[in-house]
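>>> build me a model:
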Amino acid sequence: MTSDFRGGGPIHAQRLNTSPTFAPKKLWRIYWVETPLWLNWSEKYFPSVVVAKGLKMNEKYTYGLWGAAAGAAALAIVGFTWGDWHTSKGATQRAEAAAWTALLPVCADAILANPAALAALKLKKPQDYDDVVRDHLKTIADRSDIGFMFRRDCGKAIEVRMAQAAVKK
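Modelled structure (predicted):
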């Protein structure tokens with residue numbers, strides 16, 4: 001039993017017996033059955049009530065299965081929004097972000113240890129420190145895919161370290 005795109009009742013199939021001399025196979029004719037909303041609503045909206053050959057499943061099992069499905073959906077929504085569950089892609093992205101964050105102090109140390117980079121930092125405004133990182137740091141920890149966000153964050157770390165050094169003097 002399937003439903004039609006028109007949204008009324010279910011589509012039923014009826015087997016037609018034909019003459020064996022004309023067509024040996026049995027033919028199926030599909031016809032539309034209009035079901036008003038107030039009649040057979042449980043069969044229309046809870047298809048597990050109707051089982052093969054018109055047998056009815058006990059309604060307590062039907063509502064129990066719907067409750068289990070709703071509970072599983074609610075559990076998944078709560079788990080992924082507040083429960084800190086992740087898909088494999090999300091976990092990989094979070095791990096990559098944590099690895100890049102751990103490399104920020106290494107980046108700042110590498111730029112502050114380079115005399116050419118220090119000279120360029122003195123000529124630039126603090127907002128432009130990411131340009132110095134782009135020009136003077138090509139790889140960090142065997143990674144050459146340094147993105148704009150990492151360069152910007154490294155520039156901010158350099159700015160904080162230079163401010164701390166200025167306060168100490």
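>>> after the lengthiest helix in the chain, which helix or strand is next?
The longest helix of the chain (DSSP state H) is helix 59-81. Going down the chain from helix 59-81, the next helix or strand is helix 88-102, by DSSP states H and E.
>>> any buried residues in that next one, and which?
Using 16 or more other C-beta atoms under 10 Å as the test for burial, helix 88-102 gives residue 100. Quick note: C-beta positions are derived from backbone N, CA and C, even for glycine.
>>> what's the answer for stretch 119-137, then?
Applying 16+ other C-beta under 10 Å to stretch 119-137 flags 120-121, 129-130, 132-133, 137 as buried.
>>> tell me the one among those nearest to residue 90.
Of all these, residue 130 has the smallest distance to residue 90: 27.0 Å, by C-beta to C-beta.
>>> need the phi and psi values for that closest one.
Dihedral pair for residue 130: phi -70, psi -30, per degrees, to the nearest 10.
>>> ok so, going back, just the buried residues of stretch 119-137 now: which is nearest residue 58?
Nearest to residue 58 among the buried residues of stretch 119-137: residue 130, at 67.2 Å, using C-beta to C-beta.
>>> pLDDT at that closest one, what is it?
The model reports residue 130 with a pLDDT of 89.
>>> tell me who's in contact with it.
Residues near residue 130 by C-beta atoms under 8 Å, 6 or more residues apart in numbering: 148, 151-152, 154-155.
>>> how close does residue 130 get to residue 108?
12 Å (C-beta to C-beta, to the nearest Å).
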